[in-house]
Each structure stands twice: as structure tokens, then as C-alpha cells.
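Enquirer: Have a look at this fold, sequence not included:
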């Protein structure tokens, strides 16, 4: 019965309004921003923009983003990704 009466609280934490923002902070439901799929997608787009400039030089920003992505992929493989 406990699970049945409290399942909605878990759903709010994982998929609902307590996933981000002040509600997440108030619920102690805060994760590194890069663990969210939307943040990871933004980093990939940043990297593609930097690499697509066509100047042929390896950009320091691109190297840093690439290193971050490698780290995030390892983290996701070990711990999973925040929905």
C-alpha cells in the first residue's frame, strides 16, 4: 500500500515538475546539468559548430568540449542518464 500511495511522488521527481528548477532543489533532486540529455545534445551541437568553421585548425574550445563529452559518455555508461 505504501508504494501505491506514494508512487506519484517518485514520478514527479523523475519525470515531472520536481525534475528541474527550484522544485528540484527543494526536493533534493539535483544532478549535474551535463547528465541531462538536453545538455549533452547542446554540447554536441557546440562541438559540430566549432568543427564546422572550416579553418582547419584544432580549436581549444572544441578540444575541451570533446574531452567533456568523453567524460560524460563514460559517466552515463557507469551511472545512467538523467531523464
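Expert: Yep, that arrived. Remember, predicted model here, so these are calculated numbers, not experimental data. Residues are numbered from 1 along each chain as shown.
Enquirer: On the strand side of things, show who the residue nearest the centre of the chain bridges to.
Expert: Note on the chain: the residue nearest the mean C-alpha position is residue 36, at 2.0 Å, using C-alpha atoms, centre = their mean. Beta bridges link residue 36 to residue 82 when assigned by DSSP bridges.
Enquirer: what residues are up against it?
Expert: For residue 36, the contacting residues are 20, 81, 82, by C-beta atoms under 8 Å, 6 or more residues apart in numbering. Using the backbone N, CA and C atoms, a C-beta is placed for each residue, glycine as well.
Enquirer: Can you flag the buried ones in these?
Expert: 20, 82 (16 or more other C-beta atoms under 10 Å).
Enquirer: Pull the number of nearby residues for residue 40.
Expert: When counting by other C-beta atoms under 10 Å, one arrives at 19 neighbours for residue 40.
Enquirer: how about the helices of this protein, start to end?
Expert: Along the chain, counting by DSSP state H, helices occupy 2-14, 21-26, 37-51, 60-79.
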